[in-house]
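Peer 1: take a look and give me a structure for this.
(2 chains)
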2 protein chains.
Amino acid sequence: MENENCILRLSRYKNSLLKLRHLGLTRVFSENLADAAGVTAAQVRKDFSILGIRGNRRGGYQVDQLIGQIREILGKDKVHNFVLVGTGNLGKALLRYPGFEKSGIKILASFDIDSVKMEGQTNIPILPLEELDGYIQKKQIQFGIISVPDFAAQQVCQIMIRAGIKGILNFAPIRLQVPEDCVIRNINLETELENIIYFVNAANKEGKQP
Amino acid sequence: MENENCILRLSRYKNSLLKLRHLGLTRVFSENLADAAGVTAAQVRKDFSILGIRGNRRGGYQVDQLIGQIREILGKDKVHNFVLVGTGNLGKALLRYPGFEKSGIKILASFDIDSVKMEGQTNIPILPLEELDGYIQKKQIQFGIISVPDFAAQQVCQIMIRAGIKGILNFAPIRLQVPEDCVIRNINLETELENIIYFVNAANKEGKQP
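Peer 2: Okay, the predicted model is just below:
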């Protein structure tokens, strides 16, 4: 879990570095990154130390070098191929999401039970679900995104894993069963909104107390 | 943080309960919910105890009653109104997301700088950005969703907060500055995928070691 948070911060450092480089900076200090990422400078140095990233003797890091090192750690020095299953509204939005490409994320193909109806709606090919298994195996794809309704998600997940997928981002509001060697992350939109509602309501109640 | 995880689990219990009720169950035990939500039975009992939910003397909970109690805690006994800003692909997908309604989440209106172009594309009205401030105040809306590009997000956030928004779900890949009494949650799609890539790559490397 600690490790996982470290990676989330690394991703923030990298985004901040890209912006700082865009502003013309060639070197940064842990304090700069701390401010940009909303953590303490000690945290930045600790994260870098854990990951074997060293600054210069007089402190500070070369921006270009640091971006390269973080990209390597995040596996972003190369392109990673994904398949997406479930080409509804959310799936289509993901196919058109502009931020993936610069992060080395490429959705090679999308799959849907209604693929025929959707022909030509996106630049990325939409294929019938029956071809999912063969496609993953042929292209040796390791990463998948699930954006099907909850009742279909476990079955899609099983097809993916059987075919060789090792990492899944799941948008279906259901807890998927995956083997231990498969990485799964869930984004549950309802739960996120429910959380916000809960905490705002809690704060409202607190504010009303004498 | 502990509290936050408790709410995430509550949401899972509630979803499991709805499915169990659909199967005809009228009472459940902490063990049933533990299995369905992927936690221990002790954790279920601890969560309920913290929140003041009590079982019967002989153990077990009435399904209907429990759903009602969790809904109340999650603030789902009434409808919560949202505004959405940024009606691009992702924003449109959110406007059409089928899961919100049954969770008491209602997006009243959507806003965009290009609202005129989008007229009639969705059932929910798409209004010009200049009307955001007045709309929030007039309808006394407390909740907002931001799905604009990163460069526009902070400005939208400020308009929302000035107008009275207290809780924000942010999809823009940027850390927004909000006052302390505002609840913010971020969904960063790139970071989620980067995490998956990182952990799969790490596992691949480990597997290859002798």
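
Peer 1: quick one: residue A:181 and residue A:164, what's the gap?
Peer 2: 11 Å (C-beta to C-beta, to the nearest Å). C-betas here are computed from N, CA, C, even on glycine.

Peer 1: what do you get for residue A:88?
Peer 2: Counting by C-beta to C-beta, the gap from residue A:88 to residue A:164 is 25 Å.

Peer 1: ditto for residue A:139
Peer 2: 10 Å.

Peer 1: with residue A:137 instead?
Peer 2: Per C-beta to C-beta, residue A:137 is found 6 Å from residue A:164.

Peer 1: please identify the helix or strand for the residue sitting nearest the centre point of chain A.
Peer 2: Centroid-nearest residue in chain A: residue A:169, 7.6 Å away (criterion: C-alpha atoms, centre = their mean). Under the criterion DSSP states H and E, the helix or strand holding residue A:169 is strand A:167-170.

Peer 1: helices and strands around that strand, which ones?
Peer 2: Contacts defined by 3 or more C-beta pairs under 8 Å, 6 or more residues apart in numbering or on different chains; DSSP states H and E place strand A:167-170 against strand A:143-146, helix A:150-163, strand A:183-186, helix B:189-208.

Peer 1: list the contacts of the longest one.
Peer 2: Same thing as helix B:189-208. Helix B:189-208 is contacted by residues A:4, A:7-8, A:11-12, A:73-76, A:80, A:82, A:94, A:97, A:99-100, A:103-105, A:142-143, A:145, A:166-169, A:181, A:183, A:185, A:187, B:171, B:173 when judged by C-beta atoms under 8 Å, 6 or more residues apart in numbering or on different chains.

Peer 1: who are the packing partners of the longest strand along chain A?
Peer 2: In chain A, with assignment by DSSP state E, the single longest strand is strand A:105-112. Under the contact definition 3+ C-beta pairs under 8 Å, 6+ apart, strand A:105-112 sits against strand A:80-85, helix A:89-95, strand A:126-128, helix A:132-139, helix B:189-208.

Peer 1: out of the ones you listed, flag the one nearest residue B:26.
Peer 2: helix A:89-95 (34.4 Å; C-beta to C-beta).

Peer 1: anything in that closest one near chain B?
Peer 2: Yes: applying C-beta under 8 Å from any C-beta of the partner chain, one finds helix A:89-95 in contact with chain B at A:89-90, A:92-94.

Peer 1: could those go into CSV alongside distance to residue B:46?
Peer 2: Converted to CSV, these look like this (distance: C-beta to C-beta, whole Å):
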residue, distance to residue B:46
A:89, 38
A:90, 34
A:92, 41
A:93, 38
A:94, 37
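
Peer 1: with pLDDT added, can I get those residues in a markdown table?
Peer 2: Converted to a markdown table, these look like this (pLDDT from 0 to 100):
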| residue | pLDDT |
| --- | --- |
| A:89 | 91 |
| A:90 | 94 |
| A:92 | 93 |
| A:93 | 93 |
| A:94 | 95 |
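
Peer 1: okay, the residue lying closest to residue A:87 once chain neighbours are set aside: pLDDT?
Peer 2: Among residues not flanking residue A:87 along the chain, residue A:112 sits closest, at 4.0 Å (C-beta to C-beta, 6 or more residues apart in numbering or on different chains). According to the prediction, residue A:112 has pLDDT 96.

Peer 1: repeat that for residue A:171.
Peer 2: Taking residue A:171 on its own, its pLDDT is 96.

Peer 1: now swap in residue A:148 and tell me
Peer 2: Predicted confidence (pLDDT) for residue A:148: 96.

Peer 1: surely it touches residue A:170?
Peer 2: No: look at residue A:148 against residue A:170 with C-beta atoms under 8 Å: they stay out of range, at 9.5 Å.

Peer 1: more neighbours, the two?
Peer 2: Neighbours were counted for residue A:148 and for residue A:170 using other C-beta atoms under 10 Å in any protein chain shown; residue A:148 has more, 26 against 23.

Peer 1: quick one: residues contacting that one.
Peer 2: Listed by C-beta under 8 Å, 6+ apart, the contact partners of residue A:148 are A:85-86, A:88, A:156, A:172.

Peer 1: can you list these in CSV and add neighbour count?
Peer 2: As requested, these are exported to CSV (neighbours: other C-beta atoms under 10 Å in any protein chain shown):
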residue, neighbour count
A:85, 27
A:86, 24
A:88, 18
A:156, 22
A:172, 24
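
Peer 1: which one of those residues is nearest to residue A:40?
Peer 2: residue A:172 (37.0 Å).

Peer 1: surely the closest one forms part of a strand?
Peer 2: No: remark: residue A:172 does not belong to a strand; assigned using DSSP: H, G, I helix; E, B strand; the rest coil, it is coil.

Peer 1: ok, now which ones touch the nearest residue to it once chain neighbours are set aside?
Peer 2: Nearest residue to residue A:172, sequence neighbours excluded (C-beta to C-beta, 6+ apart): residue A:153, at 3.5 Å. Counting by C-beta under 8 Å, 6+ apart, residue A:153 touches A:146, A:170, A:172, A:174, A:176.

Peer 1: quick check: the farthest pair among the residues you listed?
Peer 2: A:146 and A:174, at 9.6 Å, using C-beta to C-beta across these.

Peer 1: neighbour count winner among those two?
Peer 2: Per other C-beta under 10 Å, whichever of residue A:146 and residue A:174 has more neighbours is residue A:146, with 25 against 21.
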